[in-house]
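Colleague: What would the 3D arrangement of this be:
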Amino acid sequence: MNWLLPRLSRVLDLLSTSMTAVFALTLLSTPVFIDDVIADGPRPDEAIRMIVSQLVNELESNRLALEADRDQLYALVNEVIWPHLATEKISKLILGAHFKAASADQRQRFSDAFMALMVRTYATAMFEYTGREEIVFEPYQYEPADRTSLVQTRIALPGQAPVPVDYAFLRFKNGHWKIYDVKIDGISLVLSYRRSYNQIIRTQGLDSLIEALRAQSGDS
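Modeller: Residues are numbered from 1 along each chain as shown. The predicted model follows:
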């Protein structure tokens, strides 16, 4: 088990630190128009702005306190972002063929462990936000009857070329939209994790991966 942690750490350094940081900066640099949110639940593009409104306000008002108390930071990010994530869909896509073979308990434990680690990674990336980042929304076509939707953006980091960041949403039966994947410069976060985790599952088993994820997030 211990040998998995350095390997998993390298995977997260490559995937989470860079790609999730861009994801965090994209959300935090998005202009906010909360008045546009519709009564039946926000459209995908509006959902992004709702997340932004809460996180930016908290970050600007309580940055020092949040930097000093990471548990408070993690709780904030979890509260704001978790409701907008299609956690079961994300887990199913990442596990791929292993999802069907996994027990209900394994599926839940993987989802909890992976999402907890993503919350911590995202929370850390938030502090890279300086307010100088610029975000551009590509023309968005919204069809209420669609089951999926893609919100395309480009984020310009200081001194760097714009990076395309696309958010894939899934509509649930209650009409609410939730994020199930993020593509950064054409690279899918979900598929990247699937490729990285697949070999670990095949050689060591799903339970070993789950325990490694929990250890990585300090929840072992």
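
Colleague: Isn't His84 up against Ala47?
Modeller: Yes: between His84 and Ala47 there is a contact under C-beta atoms under 8 Å: 5.6 Å. No exception for glycine: its C-beta is placed from N, CA and C like everyone else's.

Colleague: Between those two, which has more neighbouring residues?
Modeller: Between His84 and Ala47, counting by other C-beta atoms under 10 Å, Ala47 is the more crowded of the two (21 against 18).

Colleague: ok, now which ones touch that one?
Modeller: Neighbour list for Ala47: 84, 169, 177-179 [criterion: C-beta atoms under 8 Å, 6 or more residues apart in numbering].

Colleague: From the residues you listed, pick the one nearest Gln160.
Modeller: Gln160 lies nearest to Ile179 out of the contacts of Ala47, by C-beta to C-beta, at 24.1 Å.

Colleague: Three-state assignment for that closest one, please.
Modeller: Recorded secondary structure, Ile179: strand (DSSP: H, G, I helix; E, B strand; the rest coil).

Colleague: That one touches Phe172, doesn't it?
Modeller: No: between Ile179 and Phe172 there is no contact under C-beta under 8 Å: 11.9 Å.

Colleague: Using the three-state scheme, assign Asp146.
Modeller: Asp146 ends up coil, using three-state DSSP.

Colleague: Report the beta-bridge partners for Thr150.
Modeller: That one is not Thr; residue 150 is Leu. Ala168 (DSSP bridges).

Colleague: ok so Ala125 is a strand residue?
Modeller: No: looking at Ala125 with three-state DSSP, it is helix, so not inside a strand.

Colleague: so can I have CSV of the contacts of Ala47 showing pLDDT and distance to Leu59?
Modeller: Listed next are the contacts of Ala47 as CSV, based on pLDDT from 0 to 100; distance: C-beta to C-beta, whole Å:
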residue, pLDDT, distance to Leu59
His84, 90, 17
Phe169, 96, 24
Trp177, 93, 24
Lys178, 94, 23
Ile179, 94, 20
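
Colleague: I'd like to know which of the residues you listed is nearest to Gln106.
Modeller: Lys178 (22.1 Å).

Colleague: What is the burial count for Arg194?
Modeller: Number of residues near Arg194 (other C-beta under 10 Å) recorded here: 17.

Colleague: swap that for Leu64, please
Modeller: Using other C-beta under 10 Å, Leu64 has 8 neighbouring residues.

Colleague: That one and Leu76, how far apart?
Modeller: Here Leu64 is placed at a distance of 14 Å from Leu76 (C-beta to C-beta, to the nearest Å).

Colleague: Equivalent analysis for Ser53, please.
Modeller: For Ser53 relative to Leu76 (C-beta to C-beta), the value is 13 Å.

Colleague: of these two, who's got more company?
Modeller: More crowded of Ser53 and Leu76, by other C-beta under 10 Å: Leu76, with 20 against 16.
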